[in-house]
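> fold the following and give me the result.
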Amino acid sequence: MILYTLTSEEVAKLDQDIVALIPFGSVEQHSLHLPLGTDSIIAEAIARRLEARLREQVLLLPVVWLGCSVHHLDFSGSLTAEIDTFIKTGEEIVSSLAHHGFRKFILLNGHGGNTNKLDVLAEKLRYRHNSRLKVVAVTYWHLIQEEIQAIRETPLGGMGHACELETSLMLATHPELVRNARMEKDGPGERSIFEQKDMFAAGSVTVVKTFKEITRHGGFGDPTKASAEKGEKIMEAVLLKLTQVVEEIRSEKL
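Modelled structure (predicted):
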């Protein structure tokens with residue numbers, strides 16, 4: 001079910017055990033070859049494919065396109081929300097649906113800068129609503145770490161933004177938006193031993209840096225290794241895991 005397309009009367013008749021799926025993205029620079037809306041576009045594409053598979057089990061909300069992207073503001077066109085604004089926006093969206101009786105939610109994240117904020121949001125909502133709600137925050141690439149390792153060609157530590165992963169997903173879902181001739185490897189050179197990891201992977205040390213500080217033109221990885229075929233494999237892996245998440249929320253296992 002897609003909230004945008006339903007009437008109020010139709011929403012009122014929905015099974016309130018349906019899982020409300022809220023994609024979160026961003027509007028920020030994605031190097032020379034991907035559009036500013038990449039994270040939102042990918043998150044929405046994943047969400048729409050999941051809804052198409054699980055139409056009676058999922059209620060899809062519009063993508064929340066304004067993310068936490070202050071680390072990209074040195075590049076033209078990038079937009080950002082303050083952390084408190086971002087969390088408050090998510091809180092009010094979920095609380096609005098909770099007011100109508102819905103109890104189960106997936107916060108589907110497509111932007112690295114949102115990850116820890118959505119964890120806080122899920123915790124706040126759990127306690128604000130006296131544990132009536134089931135709120136699960138999911139960053140899509142965290143679900144498929146093993147699958148990514150099997151698909152990727154770029155070395156460990158060389159993936160994270162406008163990279164092989166994101167470019168492959170864009171080639172699979174919106175190839176007309178990819179500037180193929182502008183693909184170029186980018187990212188930091190020598191790094192601390194505590195930073196020898198993919199940008200989207202968890203690490204032992206948190207270091208706050210802007211993309212202007214660590215890149216030449218805003219990328220982190222090698223997009224020339226990307227392909228639509230890889231994108232479809234990544235998408236399928238994500239959808240299989242998200243299907244399991246939906247099933248476990250509905251059965252009260254999560």
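> name the helix or strand of the protein that has the lowest mean pLDDT.
In the chain, the helix or strand scored least confidently by mean pLDDT, DSSP states H and E is helix 211-214, which has a mean of 86.
> now do the buried residues in it.
Applying a neighbour-count criterion of 16 or more other Cβ atoms under 10 Å, one finds 211, 214 buried in helix 211-214. In this view, the C-beta of every residue, glycine as well, is placed from N, C-alpha and C.
> secondary structure element for the residue located most distally from the centre of the chain?
Distance from the centre of the chain peaks at residue 9, with 30.5 Å (Cα atoms, centre = their mean). In this assignment (DSSP states H and E), residue 9 forms part of helix 8-12.
> contact partners for the residue lying closest to residue 108 once chain neighbours are set aside?
Using Cβ to Cβ, 6 or more residues apart in numbering and skipping residues adjacent in sequence, the residue nearest residue 108 is residue 23, 4.7 Å away. Residues counted as contacts of residue 23 (Cβ atoms under 8 Å, 6 or more residues apart in numbering) are 40, 43-44, 46-47, 60-61, 63-64, 108-110.
> buried residues in the top helix by length along the chain?
Counting residues, the longest helix in the chain under DSSP state H turns out to be helix 228-250. Within helix 228-250, the residues that count as buried by 16+ other Cβ under 10 Å are 228, 230-231, 233-235, 237-239, 242, 245-246, 249-250.
> dump these to TSV, plus pLDDT and distance to residue 121.
What follows is these, written out as TSV (pLDDT from 0 to 100; distance: Cβ to Cβ, whole Å):
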residue	pLDDT	distance to residue 121
228	98	33
230	98	31
231	98	28
233	98	30
234	98	25
235	98	25
237	98	25
238	98	21
239	98	23
242	98	18
245	98	17
246	97	19
249	96	16
250	91	21
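> which one of those is nearest residue 222?
Closest approach between the buried residues of helix 228-250 and residue 222, by Cβ to Cβ: residue 230, at 12.5 Å.
> which secondary structure elements does the least confident helix or strand of the chain sit against?
If you count contacts as 3 or more Cβ pairs under 8 Å, 6 or more residues apart in numbering; DSSP states H and E, helix 211-214 packs onto no helix or strand.
> what does whichever helix or strand comes after it contact?
The helix or strand immediately downstream of helix 211-214 is strand 220-221, counting by DSSP H and E. The contact list for strand 220-221 (Cβ under 8 Å, 6+ apart) reads 154, 158-165, 185-188, 199, 211, 214.
> just the residues you listed: which are in strands?
Using DSSP state E, the subset of the contacts of strand 220-221 located in strands is 159-161.
> most neighbours, which of the residues you listed?
Highest neighbour count within the ones in strands among the contacts of strand 220-221: residue 161, with 29 neighbours (other Cβ atoms under 10 Å).
> quick one: it from residue 147, how far?
Remark: distance between residue 161 and residue 147 (Cβ to Cβ, to the nearest Å) = 19 Å.
> would you confirm that residue 38 contacts residue 31?
No - the criterion here is Cβ atoms under 8 Å, and residue 38 misses it with residue 31 at 9.4 Å.
> shared neighbours, these two?
residue 162.
> so residue 48 is in which element?
Short version, using DSSP H and E: residue 48 is in helix 38-53.
> just the buried positions in that helix, please.
Applying 16+ other Cβ under 10 Å to helix 38-53 flags 38-51 as buried.
> distance between the strand or helix carrying residue 107 and the chain's centre?
Applying DSSP H and E as the criterion places residue 107 in strand 104-109. Centroid separation between strand 104-109 and its chain, computed with Cα atoms, centre = their mean, to the nearest Å, is 10 Å.
> listing partners with orientation, what would you give for that strand?
strand 19-24 (parallel), strand 134-139 (parallel) (DSSP bridges).
> please identify the most buried of the ones you listed.
strand 19-24 (a mean of 26; mean count of other Cβ atoms under 10 Å).
> any weak-confidence spans in this protein?
189-207 (pLDDT under 70).
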